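# Would you be able to build a 3D model of this:
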Amino acid sequence: QVQLVESGGGSVQAGGSLRLSCVASGYTGCRNDMNWYRQAPGKEREFVAGIESDGSTSYADSVKGRFTISQDNAKNTLYLQMNSLKPEDTAMYYCRRIIFRAFGCPDFAYWGQGTQVTVSS
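Numbers count the residues shown, from 1 in each chain. Take a look at the predicted model:
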């Protein structure tokens with residue numbers, strides 16, 4: 001069974017920082033990509049940052065230079081360091097894991113339950 005458990009959200013003033021974590025369990029030996037998405041009230045869920053199985057990273061233009069995605073494979077944990085936060089970063093942040101088909105590995109995408117980030121001006 002695959003689980004993704006996010007933590008680290010909270011309330012912060014503009015200009016502040018937060019670090020989100022996402023602990024993955026299940027099929028941890030399978031090749032996968034990991035992503036952070038966010039969804040603000042009344043808006044669609046949007047891509048924030050991603051890290052592929054080869055370690056390459058990508059970011060939404062709105063967070064480039066402010067957010068950093070990383071992972072600790074030994075701890076099966078994905079991180080999102082968020083600096084210089086803005087009120088428009090306020091959203092529920094979700095971790096997403098895409099597992100690629102292989103022997104003993106399902107071809108599927110999983111979502112965590114989300115962690116709320118609120119940035120006040």
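# how distant is stretch 78-97 from the center of its chain?
From the chain centre to the centre of stretch 78-97 is a distance of 7 Å (CA atoms, centre = their mean, to the nearest Å).
# so what's the residue most central in space within the chain up against?
By CA atoms, centre = their mean, the mean C-alpha position of the chain lies nearest to W36, the distance being 2.6 Å. Residues in contact with W36 (CB atoms under 8 Å, 6 or more residues apart in numbering) are 20, 22, 47-50, 69, 78, 80, 93-96. Any C-beta I mention is one placed from the backbone N, CA and C, and that applies to glycine too.
# 6 Å - rerun?
Under the criterion of CB atoms under 6 Å, 6 or more residues apart in numbering, the contact partners of W36 comprise 48-49, 80.
# Name the nearest residue to it, ignoring sequence neighbours.
For W36, the nearest residue in space outside its immediate sequence neighbours is V48; the separation is 4.3 Å by CB to CB, 6 or more residues apart in numbering.
# So the one you found versus P106, what's the distance?
24 Å (CB to CB, to the nearest Å).
# Pull the number of nearby residues for A74.
A74 has 6 neighbours, counted by other CB atoms under 10 Å.
# Would you double-check that it falls in a strand?
No. Using DSSP: H, G, I helix; E, B strand; the rest coil, the assignment for A74 is helix, not a strand.
# quick one on the thing from earlier: looking at the contacts of W36, state which has the most neighbours.
L80 (26 neighbours).
# Please tell me I have it right and it contacts L18.
No. At 8.4 Å, L80 does not count as touching L18 under the criterion of CB atoms under 6 Å.
# What is the least confident helix or strand in this structure?
The weakest-scoring helix or strand in the chain, judged by mean pLDDT, DSSP states H and E, is strand 108-111 (a mean of 93).
# would you put the C-alpha positions of that one in CSV?
Listed next in CSV are the C-alpha coordinates belonging to strand 108-111 (Å, rounded to 0.1, in the frame of the first residue of the first chain):
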residue,chain,number,x,y,z
PHE,A,108,0.3,4.6,-11.0
ALA,A,109,0.2,8.1,-9.5
TYR,A,110,-0.5,8.7,-5.9
TRP,A,111,-1.4,11.8,-3.9
